[in-house]
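Peer 1: Give me the fold of what follows.
(2 chains)
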Amino acid sequence: MPTKYMNPYLAGFLLGLVLLTTIVITGRGLGASGALKSAVVATVSTVAPEHARSSSFYAENLKALHENPLKAWLVFEVLGVIIGGFLSGVVSDRLTFTIEKGPRITNTMRLGFALIGGLLFGLGAQFARGCTSGAALTGMAVLSTGGIITMMGIFGTGYAIAYFFRKLWI
Amino acid sequence: MFPLVPNLISEELNLIVALLLGIAFGFILEQAGFSSSRKLAGVFYGYDFTVLRVFFTAGVTAMSGVIILGYLGWLDTDFMYINPTYLQAAILGGVIMGFGFIIGGFCPGTSVAGMAIGKIDAMVFVGGGLIGVFVYGELYPWFEGITNADFLGNIRIFTSLGISQGLFAFALIAVAVGAFIMTTIIEKKVAPDGPAGSFDHTMHRYAGIAVLAVGVVLLFLPDYKDRMLAKVGTDEFLQSHPVKETTMDELAFRIIDRDPKIAIIDVRSESEFAGGMLPGAVNISGRQLFQKEFSEVLGNKHKRKIFVGKNETEARTAALLAMELGYENITVLCGGMEQFLGTMVTRTMSGSACQYAAAQQHSPVMDALQAKDTERFRSKASAQLAAMIAEAKNASVKPVKLVKKVSGGC
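Peer 2: This next block holds a predicted model:
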């Protein structure tokens, strides 16, 4: 029997302290999509080095990551997220291979939509220079205009279109 | 003063820090229930507002911490990474991610936490995220324009809105607490057996009041640097806080003498400084006085620091700030740079006494004698000073290397 989830306000407070500690130590906040970018840049530059050199996107990112995209701060942080998530799963007895979905769709549909949703999130995070963690949450903590606009974009759009996608979840 | 990374933590240690902070991040995300897509999507359908509660509480907590530590001077907010604002891309990216959230049921951080406990939909979401980045990378030539359009700088929201940091922080906290109350009412109607059903409401009420109280405190907390600058910038502070003075003739003498016991601190702007500086002068303008790179020159007790400004008031303000920051052996040049050049070099002005000098008792005979001596010294010194100043301009190299700002990115 899995343990109940933590009180959301307590979890939020603790998460805020982790974010604050990150800002105090490193001068910048938490992130997630940056690690995905590092992984893609690393893969492309290994599989097709010619292509990576000729494309300004990969070339710029390789330069920004000192030619070693996997030794980036966010890659290590996200490795930590995997470890931390797993430890929490162990502690609270929630380790199982499952697919979570709304009651009215099949597993295949759920996985298809998860793929499309992930794709859109990965794409959107490149425009906004960060995702819910790096742009929205960290943006709120340091009161960045762009981060707060992105946050309103994410949640505003979510509410605006929720009705049309209700079959996925309720 | 924090942050530590640009100066005090090595790159390798920083990666270990990243791993440890990531573990804490992932553990809390999973404990909060962010590994569950149905729970996350609930925020858009009213059956589970966990996302809003966790997200808003975390944002408000971190923001309050940043403001409080900034006020105390423990966190140097000038060195903190502020996500840059590219208006079109911020909106477009947000809208695309909004679609991604509803359709996929995760965001990147939460999908990683979900993946860690075996959620197959989370693993597929992460795969989709990688493809999304790849698609962007391949189509970058088409996206580059809009991604970089309307760059507004690393601007902060309260500046954009034209209000104080404290007012925005208070408003955000008030909105958050209001949203917590509203969404709990909604959730209880939509899903009577949702998470709000098991809340300890008395406890939450006290917590809400405490958070609002913090918000009221934040209303009155300026940034440490702004606070110090405002404090020393008032006329009253200038009048009531004396600074030791160095006269123009003394400075001229010491420059010609190449006195090793003085350090000339030029507080004018970088461009004014580049236009002509005194031999050996170090340019520390405005907020740079707070930077630790300059603590070596400012903190050297055995050297007399002579603050030089465009005028005397500018030099005094900077000198008082340096004294407030704990530096010792600080003096100001009477008159300022323009008067110094006019009096000592071009000889088109005749130097006056210090701006705030106390009235002294003079004897007419001594004054006349002194004036004669002064005149003789000045006529001899001007050519030599002019040559040394010209030399300094040609040889100008920036002596202090500034640490670059923290770079960031998601």
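Peer 1: use CA for all of it now, contacts and neighbours both
Peer 2: OK.
Peer 1: tell me the mean pLDDT over the longest helix along chain A?
Peer 2: Taking DSSP state H as the criterion, chain A has its longest helix at helix A:107-128. Mean per-residue pLDDT for helix A:107-128: 97.
Peer 1: packing partners for it?
Peer 2: Applying 3 or more C-alpha pairs under 8 Å, 6 or more residues apart in numbering or on different chains; DSSP states H and E, one finds that helix A:107-128 makes contact with helix A:33-47, helix B:87-104, helix B:108-116, helix B:120-138.
Peer 1: Please enumerate residues in contact with stretch B:15-28?
Peer 2: A:11, A:14-15, A:18, A:22, A:71-74, A:76-88, B:113 (C-alpha atoms under 8 Å, 6 or more residues apart in numbering or on different chains).
Peer 1: go on, stretch B:209-227?
Peer 2: Contacts of stretch B:209-227 (C-alpha under 8 Å, 6+ apart): B:64, B:67-68, B:70-73, B:165-167, B:169-171, B:173-174, B:177, B:287, B:290.
Peer 1: can we see that at 7 Å?
Peer 2: Stretch B:209-227 is contacted by residues B:70, B:71, B:72, B:73, B:166, B:167, B:169, B:170, B:173, B:174 when judged by C-alpha atoms under 7 Å, 6 or more residues apart in numbering or on different chains.
Peer 1: And the pLDDT for the residue nearest to the third one when sequence neighbours are not counted?
Peer 2: Yep, that's residue B:72 we're talking about. With sequence-adjacent residues excluded and distances taken as C-alpha to C-alpha, 6 or more residues apart in numbering or on different chains, residue B:72 is closest to residue B:224, at 5.9 Å. Looking at residue B:224, its pLDDT stands at 79.
Peer 1: Check the burial of residue B:224 by counting its neighbours.
Peer 2: Neighbours of residue B:224 under the rule other C-alpha atoms under 10 Å in any protein chain shown: 20.
Peer 1: cool, the one 4 residues further on as well?
Peer 2: Using other C-alpha under 10 Å, residue B:228 has 17 neighbouring residues.
Peer 1: Same check on residue A:91?
Peer 2: Neighbours of residue A:91 under the rule other C-alpha under 10 Å: 14.
Peer 1: Can you tell me which of the contacts of stretch B:15-28 are buried?
Peer 2: Using 16 or more other C-alpha atoms under 10 Å in any protein chain shown as the burial test, those include A:11, A:14-15, A:18, A:22, A:72-74, A:76-88, B:113 as buried.
Peer 1: hmm, back to that, can you check which of the helices and strands packed on helix A:107-128 gets nearest to residue B:373?
Peer 2: Proximity to residue B:373 (C-alpha to C-alpha) singles out helix B:87-104 among these, at 65.1 Å.
Peer 1: How far does the closest one sit from its chain's centre?
Peer 2: 29 Å (C-alpha atoms, centre = their mean, to the nearest Å).
Peer 1: Give me the contacts around that helix.
Peer 2: For helix B:87-104, using C-alpha under 7 Å, 6+ apart, the contacting residues are A:113-118, A:120-121, A:124-125, A:127-128, A:146, A:149-151, A:153-155, A:157-158, A:162, B:41, B:107, B:125, B:146-147, B:149-151.
Peer 1: One more: stretch A:160-168?
Peer 2: A:102, A:104, A:105, B:44, B:102.
Peer 1: How about the longest helix of chain A, which residues are buried there?
Peer 2: A:110-128.
Peer 1: Can you give me every residue that contacts residue A:138?
Peer 2: Counting by C-alpha under 7 Å, 6+ apart, residue A:138 has contacts A:29, A:30.
Peer 1: In contact with residue B:44, which residues?
Peer 2: A:158, A:159, A:162.
Peer 1: List phi and psi for the closest residue to residue B:281 other than its chain neighbours.
Peer 2: Nearest-residue entry for residue B:281: residue B:264, 4.6 Å, with adjacent residues in sequence omitted and distances by C-alpha to C-alpha, 6+ apart. Backbone torsions for residue B:264, taken as degrees, to the nearest 10, come to phi -90, psi 120.
Peer 1: Can you tell me how far residue B:264 is from residue B:161?
Peer 2: The spacing between residue B:264 and residue B:161, counted by C-alpha to C-alpha, to the nearest Å, is 40 Å.
Peer 1: Counting neighbours, what do you get for residue A:170?
Peer 2: By other C-alpha under 10 Å, the residues close to residue A:170 number 15.
Peer 1: correction: residue B:314
Peer 2: Residues near residue B:314, counting by other C-alpha under 10 Å: 18.
Peer 1: which stretch of helix or strand covers it?
Peer 2: Assigning secondary structure by DSSP states H and E places residue B:314 in helix B:312-324.
Peer 1: next one: residue A:85
Peer 2: Counting by DSSP H and E, residue A:85 is part of helix A:73-91.
Peer 1: From residue A:38, how far out is the residue most central in space within chain A?
Peer 2: In chain A, the C-alpha nearest the mean C-alpha coordinate belongs to residue A:32, at 3.9 Å (C-alpha atoms, centre = their mean). Using C-alpha to C-alpha, residue A:32 is found at 10 Å from residue A:38.
Peer 1: Check residue A:143 too.
Peer 2: 26 Å.
Peer 1: How about residues contacting the helix or strand residue B:144 falls within?
Peer 2: Per DSSP H and E, residue B:144 falls inside helix B:140-147. Outside helix B:140-147, the residues that touch it by C-alpha under 7 Å, 6+ apart are A:57, A:127, B:88, B:89.
Peer 1: Now for those: which two are most distant?
Peer 2: The distance between the two most remote of the contacts of helix B:140-147 (C-alpha to C-alpha) is 18.8 Å, for A:57 and B:88.
Peer 1: What is the burial count for residue B:45?
Peer 2: A count of neighbours around residue B:45, defined by other C-alpha under 10 Å, yields 18.
Peer 1: Look up the closest residue to it, ignoring the ones flanking it.
Peer 2: That would be residue A:162: by C-alpha to C-alpha, 6+ apart, it lies 7.2 Å from residue B:45.
Peer 1: Now do stretch A:25-39: everything it contacts.
Peer 2: Contacts of stretch A:25-39 (C-alpha under 7 Å, 6+ apart): A:19, A:22-23, A:69-70, A:74-75, A:78, A:122, A:125, A:130-131, A:133-134, A:138, B:2-5, B:79-81, B:108-109, B:130, B:133, B:406, B:408-410.
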